[in-house]
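A.B. asks: the following comprises the amino acid sequence and a computationally predicted model.
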Amino acid sequence: MDATHERPRPAFCRLLALALVVPAAACALDAKVPPAQAPTQAAWRAAQAADAAAPAPAWWRSFGAPELDALAEAALAGNLDIAAAVARIEQADAQARVAGAPLLPALDLSTSASRSRAGGGSGSSRTANRYGLTLSASYEIDFWGKNRAGQRAAEWAAAASRYDRETVALSVAAGVAGAYLQILAAQDRLETARGNLAIAQRALDAIRARNTVGTATALDVAQQESIVLQQRAAVPPLQQQIRQNANALAILAGRPPADLDVAGGGLRKVTVPAVAAGLPSELLTRRPDIRRAEAQLRAAEADVVAARAALFPSIELTAAGGYQSAALGTLFGPGAALWSLAAGLTQPLFDGGRLEGQLEAQRARYVELLQSYRQAILSAFRDVEDALVAIEQTAQQETLQLAVVASARRAYDISAARLREGTIDLLTLLNTQQTLFQAQDQLAQIRLARLQAVVGLYQALGGGWDGTLPGAPVPQ
């Protein structure tokens, strides 16, 4: 019979009918996984303000330091960890396209040409040519949602990679701010150390002069020399700290250390941002690490659906059509046409428990990621509470330390005047001098801790935003 007029056989019709009567309701399978409920909290324990504004996207600008702004923007543009995260996004997008491919039919075009020769019994031979052109298509009916779940899992994985990039960017910006503030604090402490060294040196010169005329002892000179040496020894570690933090800034910006110079100028040039303590706890859902954990959880949920669907029959339709002829000139003639249509149903019967094991493994992974998601939210609450407490306490500590420095300076000035008058001994001056040195150095460290606490709060809140959520569009 001519292939162009051949009708489908009854057996094929029954197989195709069997495929088409699969209930459509089976497309959405019950994954049987726990709901992804996250811990919630009504308000921050340390929060007091009723109305508060959310941080701006470029939150580092709130410190009022143009050099910090430039460094942060340079790091976000040139950081190599961020560049690697962007490459991971591209990989995840490609994997999502691969995962979505089974949802569409697969088409293949093949051509063939052959020449054969057969010899006869009497020594004669015959040469035969054969030409073919075939277009074939195959498509798996996704009744059980396996392919759709696989695509959804890949899309959520791609979204997670975008949130991972946001997490890296937030860490980079916080690292730039922290290193820059470390430089400013070290510059303040270095300025204080050099000033104290000059004061100690002047006192040493005065004591040596008094020792010359007999109003001071060699012990007095030795004690003051010890203080001078202590002040000199405090200078190199601060210079080292400045250079090492400058090197860290260069690496964060993706540049060699020698290519970056930091002017700084001390913490006096930095504004302490107003803390928005009344921000609602729901803003924590904007943290990229939490959104990344949520995306990974959604991907695992889709993997459970795909693993469960693998237990059910797979239905595949195939079709092929083309031309086949013994002569190239008649390849596209009516008699050379051919076609075929088939449907296949495959049901796993026994695989040693492999599919069931894969399903249980995916369910267990989902539960694992669910607990990690909850833990990430609880950790975020703790980060914010810790930052708020640190800001509150360091602000109070700075106020108290300012009073300590003022009192220590008055004591030193009075003792220096009384020493010139001859009403106190040198030991009293040395004690007040050492107290002033320590109080000034401690003040610089407390100021640094307060600013670092503000950076920690910005990082705990997920940085800043402009009303839109960071990352990729949410898969449907």
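C.D. replies: Right, received. Where do you want to start?
A.B. asks: low-confidence stretches in the stretch 101-250 of the chain?
C.D. replies: 119-125 (pLDDT under 70).
A.B. asks: show me where it has its helices.
C.D. replies: 146-213, 218-233, 235-252 (DSSP state H, counting those that start in this stretch).
A.B. asks: and the longest strand for this structure?
C.D. replies: Once the chain is assigned using DSSP state E, the strand that runs over the most residues is strand 125-141.
A.B. asks: who does that one pair up with?
C.D. replies: As defined by DSSP bridges, the strand partners of strand 125-141 come to strand 106-119 (antiparallel), strand 314-325 (antiparallel).
A.B. asks: now for those strands, which one comes closest to Tyr139?
C.D. replies: Smallest distance to Tyr139 across these (Cβ to Cβ): 5.1 Å, for strand 314-325. For every residue, glycine as well, the C-beta is placed using N, CA and C.
A.B. asks: picking up where we left off before, got the helices of the stretch 101-250 of the chain as CSV, with distance to Ala439 and mean neighbour count columns?
C.D. replies: What follows is these, written out as CSV (distance: least, Cβ to Cβ, whole Å; neighbours: other Cβ atoms under 10 Å):
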stretch, distance to Ala439, mean neighbour count
helix 146-213, 10, 21
helix 218-233, 14, 15
helix 235-252, 17, 17
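A.B. asks: quick one: buried residues of stretch 370-386?
C.D. replies: Of the residues in stretch 370-386, those scored as buried under the neighbour-count criterion (16 or more other Cβ atoms under 10 Å) are 370, 373-374, 376-377, 380-381, 383-385.
A.B. asks: could you pull up the mean pLDDT of that stretch?
C.D. replies: Averaged across stretch 370-386, pLDDT comes to 89.
A.B. asks: one more: stretch 396-416?
C.D. replies: Mean pLDDT, computed over stretch 396-416, is 94.
A.B. asks: was I right about Gln182 contacting Arg447?
C.D. replies: No - using Cβ atoms under 8 Å, Gln182 is not in contact with Arg447, being 11.8 Å away.
A.B. asks: list the contacts of Ser114.
C.D. replies: Residues touching Ser114, when contacts are defined by Cβ atoms under 8 Å, 6 or more residues apart in numbering, comprise 129-130.
A.B. asks: tell me the pLDDT of Val275.
C.D. replies: In this prediction, Val275 carries a pLDDT score of 66.
A.B. asks: brain fart, Leu18
C.D. replies: Confidence at Leu18, expressed as pLDDT, is 36.
A.B. asks: picking up where we left off before, sort out which residues of the longest strand of the chain are buried, please.
C.D. replies: Neighbour counts using 16+ other Cβ under 10 Å place 131-134, 139-141 of strand 125-141 among the buried residues.
A.B. asks: among the strands paired with strand 125-141, which is nearest Pro256?
C.D. replies: Among the strands paired with strand 125-141, the nearest to Pro256 by Cβ to Cβ is strand 106-119 (50.0 Å).
A.B. asks: distance between that closest one and the chain's centre?
C.D. replies: Strand 106-119 sits 54 Å away from the centroid of its parent chain (Cα atoms, centre = their mean, to the nearest Å).
A.B. asks: surely Gly464 touches Ala56?
C.D. replies: Yes - contact status for Gly464 versus Ala56: in contact at 4.8 Å, counting by Cβ under 8 Å.
A.B. asks: looking at these two, which is more packed in?
C.D. replies: Neighbour comparison, Gly464 and Ala56: the larger count goes to Gly464, with 18 against 13 (by other Cβ atoms under 10 Å).
A.B. asks: and the more buried one, how far from Asp425?
C.D. replies: 57 Å (Cβ to Cβ, to the nearest Å).
A.B. asks: what residue is smack in the middle of the protein?
C.D. replies: For the chain, the residue nearest the mean C-alpha position is Thr167 (2.4 Å; Cα atoms, centre = their mean).
A.B. asks: in contact with the spatially closest residue to it that is not a sequence neighbour, which residues?
C.D. replies: The shortest distance from Thr167 to any residue other than its chain neighbours is 4.4 Å, reached at Pro288 (Cβ to Cβ, 6 or more residues apart in numbering). If you count contacts by Cβ under 8 Å, 6+ apart, Pro288 has them with 163-167, 170, 462-463, 470-471.
A.B. asks: can you check Glu356 too?
C.D. replies: By Cβ under 8 Å, 6+ apart, the contact list for Glu356 reads Leu311.
A.B. asks: what does Gln347 give?
C.D. replies: Taking Cβ under 8 Å, 6+ apart as the contact definition, Gln347 lies against 312-313.
A.B. asks: hmm, try it at 6 Å
C.D. replies: When contacts are counted by Cβ atoms under 6 Å, 6 or more residues apart in numbering, Gln347 is found next to Pro313.
A.B. asks: ramachandran angles for it?
C.D. replies: Backbone dihedrals for Gln347, given as degrees, to the nearest 10, come out at phi -120, psi 120.
A.B. asks: how close does it get to Leu311?
C.D. replies: Applying Cβ to Cβ to Gln347 and Leu311 gives a distance of 9 Å.
A.B. asks: cool, Ile290 as well?
C.D. replies: Ile290 sits at a distance of 33 Å from Leu311 (criterion: Cβ to Cβ).
A.B. asks: who's more crowded, those two?
C.D. replies: Neighbour comparison, Ile290 and Leu311: the larger count goes to Ile290, with 20 against 16 (by other Cβ under 10 Å).
A.B. asks: so the closest residue to that one other than its chain neighbours is in which element?
C.D. replies: Closest residue to Ile290 apart from its sequence neighbours, by Cβ to Cβ, 6+ apart: Ala376 at 5.2 Å. Here Ala376, judged by DSSP states H and E, is contained in helix 354-421.
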